[in-house]
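> Structure for the following, please:
(chains A and B)
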Protein chains: 2
Amino acid sequence: MAISFLSTFKPIAFFPTQKSSPTPPLSCCNLSLPTVTITEPEPVFTSVQTFAPATVANLGPGFDFLGCAVDGLGDHVSVTVDPSVHPGEISITEIYGTHASSKLSKNPIWNCAGIAAIAAMKMLNIRSVGLSLSLEKGLPLGSGLGSSAASAAAAAVAVNELFGGKLDSRELVLAGLESEAKVSGYHADNIAPAIMGGFVLIRSYDPLELMRLEFPADKELLFVLVSPEFEAPTKKMRAALPLEIAMPHHVWNCSQAGALVASILGGDLAGLGKALSSDKIVEPKRAPLIPGMEAVKKAALEAGAFGCTISGAGPTAVAVVEGEERGEEVGRRMVEAFRREGNLESVAMVKRLDRIGARLVSSVAR
Amino acid sequence: MAISFLSTFKPIAFFPTQKSSPTPPLSCCNLSLPTVTITEPEPVFTSVQTFAPATVANLGPGFDFLGCAVDGLGDHVSVTVDPSVHPGEISITEIYGTHASSKLSKNPIWNCAGIAAIAAMKMLNIRSVGLSLSLEKGLPLGSGLGSSAASAAAAAVAVNELFGGKLDSRELVLAGLESEAKVSGYHADNIAPAIMGGFVLIRSYDPLELMRLEFPADKELLFVLVSPEFEAPTKKMRAALPLEIAMPHHVWNCSQAGALVASILGGDLAGLGKALSSDKIVEPKRAPLIPGMEAVKKAALEAGAFGCTISGAGPTAVAVVEGEERGEEVGRRMVEAFRREGNLESVAMVKRLDRIGARLVSSVAR
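Residues are numbered from 1 along each chain as shown, chains lettered A, B, ... in the order given. From the prediction side, this is the model:
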């Protein structure tokens, strides 16, 4: 079942500040959790399970302000009303799944799902009910596929659904941003599409303004995601970025960002891929830090991908293609290139654009 | 009559390189006039008159890659088959109109209309017919409204129409660029919308790739253009630009450029205006060089404009509004602000988006 507020999206949905949401400063940045001034809601379910998809941030010239969600890959979160937990608090009981890791703390204030769940509970003003949370990690950490954002999105949406879905998508993104701020900086280009689905442009942070860019419903968009066995820590990849950009490169990337947005809205796969491949500022600095990445991009384009770049901060490479078969072939060539040029083993997946975002999967009535 | 090729535009028209057009380097830049390999065409008219509209380049975060055309303001060019002119050459017989100026040379190789006409004749391979050209300047020089581009666009289209319209819009833009390169540098953000109409995104120069961004036909877009009695030479305004841009400002302007494109395609006036006003890189450097500009922008927004910035390199200020009456009021307030804060007299006009571009106005059959 899709979360109801998602059904209200227009081709370009614009989420401006809500005047009713005062924004006292946070320590991490000059931003805030809105104080949602509602009386404490009752839980409408005893338990809910949610899913939040993987996301591809940056998309070449969309660096730090554009991301999209990919279907069939992500994290699950279950949240249950738990009388054994102190009212107003949440306890993480279990972290399991393909990509469960000892790096993931069960202390809610140090866990992405926990932080986002606590933020959602604060916004909903939950004081009388204690919750327990279990997290199924379907996404690897540090892969460049928005692993932390998927956990945070699934958790925030789970808490919201448990209490009747009083928070809107923008508020849920703000809850998720509490978590992202601790993990990788105050960036919404993963958490916003993880919650809203599709392509989301982050227009501003103070106030948070989001634009959902609707890829035409009658067109198919396929991503080839190739993740090598290599750790590319977000902080190291950020440190590789230039502090200053020459005007010609700025103008170039800006024009490609505009072309990328136009291609998304127009459903122009070739134009989208071309823009994806066009970044002259970030990719040239980061690609050399991922063994074989330049060769992988070359291989993807030679195999018929419309475009290819680094997903998020890497190391996953993302290509845009038309058709499953072409996607499989492009994936094979990219895996070969990682092995040949980077001496890295990698896994290829062909995934569709996720147009829904974080969603309720199942619920147990009270 | 609208020029026929314009009728073929799609919501987002993409003009890629034509493989059939080899591109030998020019001295001015690493670009070229395509050699249109056709047999020399016969003139289909004895004489034609064309009109090309004023254009607003930059549009805030669209600096150097985005521009649009405004209706009811521009230059007229007449081109006539003239046996007294040496075959394959063109002679400028007359420059007249409201904004005729002694600064405008009658030597075709030093005149915007002349340079573009010669470029179009070369591309059409005209060797057997001599032409005379007269130019009616409806646009002031150095106003930031694409005065040179309007002359060049009208001339290139006049020559093309006289010989049966063999050149497509991209080729006509390349002809016009020959002129722009001599006057203000190799920038297509005025000449492309002057020829194609509407909003045009310059995706690349080598090869020249243009995207026409279609503002919804069922929506009205009004510009308030306020031109003060002040000279802001393009070269001086270019010299004010920063050579390097800090990453946060780059990311901000890129995201606003994306939002601007999405707002244009979605017909979102408020979003378009907001993006127009959002430039943190160019406008802050140039506005202080135009007396009163900051106050003019403030006045426009206070009077209900959706957004306001500098048109091209200035000194004209451009605001976006809804409704004629609001436009008149915004214009009055902007004129007051130029007088009060900049001690400058100025003229305000309210104009619609031009969706057609350079066009044939009249023709004399052979």
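> C-alpha from now on. contacts and neighbour counts both.
OK.
> Surely A:Leu133 is within a strand?
Yes: under DSSP: H, G, I helix; E, B strand; the rest coil, A:Leu133 sits within a strand.
> ok, now which ones touch it?
Each residue near A:Leu133 by CA atoms under 8 Å, 6 or more residues apart in numbering or on different chains is listed here: A:Val77, A:Ser78, A:Val79, A:Thr80, A:Ile90, A:Ser91, A:Ile92, A:Thr93, A:Glu94, A:Gly114.
> ok, 6 Å please
A:Ser78, A:Val79, A:Ile92, A:Thr93 (CA atoms under 6 Å, 6 or more residues apart in numbering or on different chains).
> Can I get those residues in a markdown table including distance to A:Ile281 and neighbour count?
Output for the contacts of A:Leu133, formatted as a markdown table (distance: CA to CA, whole Å; neighbours: other CA atoms under 10 Å in any protein chain shown):
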| residue | distance to A:Ile281 | neighbour count |
| --- | --- | --- |
| A:Ser78 | 40 | 25 |
| A:Val79 | 42 | 30 |
| A:Ile92 | 40 | 19 |
| A:Thr93 | 43 | 14 |
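> burial count for the residue of the stretch 51-200 of chain A found nearest chain B?
Using CA to the nearest CA, the closest approach of the stretch 51-200 of chain A to chain B is made by A:Phe65 at 6.0 Å. Using other CA atoms under 10 Å in any protein chain shown, A:Phe65 has 26 neighbouring residues.
> What are the phi and psi values at A:Leu201?
phi -100, psi 130 (degrees, to the nearest 10).
> if I read this right, it contacts A:Met211, doesn't it?
Yes: counting by CA atoms under 6 Å, A:Leu201 does reach A:Met211; the two are 5.0 Å apart.
> which one of the two has more residues nearby?
In terms of neighbours (other CA under 10 Å), A:Leu201 is the more surrounded of A:Leu201 and A:Met211; the figures are 28 against 24.
> can you pull the contacts of the more buried one?
Contacts of A:Leu201 (CA under 6 Å, 6+ apart): A:Phe65, A:Leu66, A:Leu210, A:Met211.
> pLDDT score for it?
Predicted confidence (pLDDT) for A:Leu201: 98.
> Okay, the nearest residue to A:Lys274 once chain neighbours are set aside and chain B: tell me how far apart.
Among residues not flanking A:Lys274 along the chain, A:Gly307 sits closest, at 5.3 Å (CA to CA, 6 or more residues apart in numbering or on different chains). The gap separating A:Gly307 from chain B is 16 Å, by CA to the nearest CA, to the nearest Å.
> looking at the sheet around A:Gly307, what are its partners?
Note on A:Gly307: beta-bridge partners A:Val320, judged by DSSP bridges.
> got the contact list for it?
A:Gly273, A:Lys274, A:Leu276, A:Ser277, A:Ala319, A:Val320.
> 8 Å instead, please
Residues in contact with A:Gly307, defined by CA under 8 Å, 6+ apart, are A:Ala270, A:Leu272, A:Gly273, A:Lys274, A:Ala275, A:Leu276, A:Ser277, A:Ala300, A:Leu301, A:Ala319, A:Val320, A:Val321.
> What strand or helix carries the fifth one?
Here A:Ala275 is covered by helix A:269-276, with elements defined by DSSP states H and E.
> ok, residues contacting that helix?
With CA under 8 Å, 6+ apart, helix A:269-276 has contacts from A:59-61, A:221, A:256-257, A:259-260, A:263-264, A:305-309, A:319-322.
> Just the C-alphas of that helix, formatted as CSV.
Coordinates of the C-alpha atoms in helix A:269-276 are reproduced here as CSV (Å, rounded to 0.1, in the frame of the first residue of the first chain):
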residue,chain,number,x,y,z
LEU,A,269,16.5,9.0,-22.0
ALA,A,270,19.4,10.0,-24.4
GLY,A,271,19.4,13.6,-23.0
LEU,A,272,19.2,12.3,-19.4
GLY,A,273,22.2,10.0,-20.0
LYS,A,274,24.2,12.6,-21.8
ALA,A,275,23.7,15.0,-18.9
LEU,A,276,24.5,12.3,-16.3
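> and the next element down the chain from it?
Next element after helix A:269-276 (DSSP H and E): helix A:283-286.
> residue contacts, A:Val335?
Taking CA under 8 Å, 6+ apart as the test, what A:Val335 contacts is A:Val226, A:Val296, A:Glu345, A:Ser346, A:Val347, A:Ala348.
> Among these, name the buried ones.
Neighbour-count burial (16 or more other CA atoms under 10 Å in any protein chain shown) is assigned, among these, to A:Val226, A:Val296, A:Glu345, A:Ser346, A:Ala348.
> Get me the contact residues on chain A for chain B.
A:11-12, A:62-66, A:201-204, A:211, A:213, A:242-247, A:250-262, A:265-266 (CA under 8 Å from any CA of the partner chain).
> So, low pLDDT: which residues of the stretch 201-350 of chain A?
For the stretch 201-350 of chain A, residues meeting the criterion pLDDT under 70 lie at A:233-234.
> And the helices in chain A?
Using DSSP state H, the helices of chain A run over A:112-124, A:147-162, A:169-184, A:191-196, A:234-239, A:247-266, A:269-276, A:283-286, A:293-302, A:324-342.
> Alpha carbons of the fifth one, as PDB, please.
As requested, the backbone C-alpha atoms of helix A:234-239 are provided in PDB (Å, rounded to 0.1, in the frame of the first residue of the first chain):
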ATOM      1  CA  THR A 234      31.900   9.600   2.000                       C
ATOM      2  CA  LYS A 235      34.200  11.900   4.000                       C
ATOM      3  CA  LYS A 236      37.300  10.900   2.000                       C
ATOM      4  CA  MET A 237      35.300  11.500  -1.200                       C
ATOM      5  CA  ARG A 238      34.100  14.900   0.000                       C
ATOM      6  CA  ALA A 239      37.700  15.800   0.900                       C
END
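> which residues are contacting that helix?
In contact with helix A:234-239 (CA under 8 Å, 6+ apart) are residues A:Gly142, A:Ser184, A:Arg286, A:Leu289, A:Ala313, A:Gly314.
> One more pass at 7 Å, please.
A:Ser184, A:Arg286, A:Ala313 (CA atoms under 7 Å, 6 or more residues apart in numbering or on different chains).
> If you tally nearby residues, what's the number for the closest residue to A:Ala257 other than its chain neighbours?
Spatial nearest neighbour of A:Ala257, excluding adjacent residues (CA to CA, 6+ apart): A:Pro61 at 5.1 Å. The tally of other residues near A:Pro61 (other CA under 10 Å) stands at 31.
> what residues are up against A:Pro61?
Going by CA under 7 Å, 6+ apart, the list of residues near A:Pro61 reads A:Asn253, A:Gln256, A:Ala257, A:Leu276, A:Ser278, A:Asp279.
> pLDDT score for it?
If you check A:Pro61, the pLDDT there is 97.
> returning to that earlier point: nearest to chain B, of the contacts of A:Val335?
When the contacts of A:Val335 are ranked by distance to chain B (CA to the nearest CA), A:Val296 comes first, at 24.6 Å.
> Verify the stated contact: that closest one with A:Arg332.
No: assessed by CA atoms under 7 Å, A:Val296 is found out of contact with A:Arg332, at 10.3 Å.
> what residue ranges in the stretch 1-150 of chain A score low on pLDDT?
A:1-38.
> rerun at 50
Counting by pLDDT under 50, the stretch 1-150 of chain A contains low-confidence residues at A:1-30.
> hmm, back to that, in ChimeraX, how would I select the buried members of the contacts of helix A:234-239?
Buried members of the contacts of helix A:234-239, defined by 16+ other CA under 10 Å, are picked up in ChimeraX with:
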select /A:286,313
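> With distance to B:Asn160 as added columns, please give the contacts of helix A:234-239 in JSON lines.
Shown next, in JSON lines, are the contacts of helix A:234-239 (distance: CA to CA, whole Å):
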{"residue": "A:Ser184", "distance to B:Asn160": "56"}
{"residue": "A:Arg286", "distance to B:Asn160": "48"}
{"residue": "A:Ala313", "distance to B:Asn160": "50"}
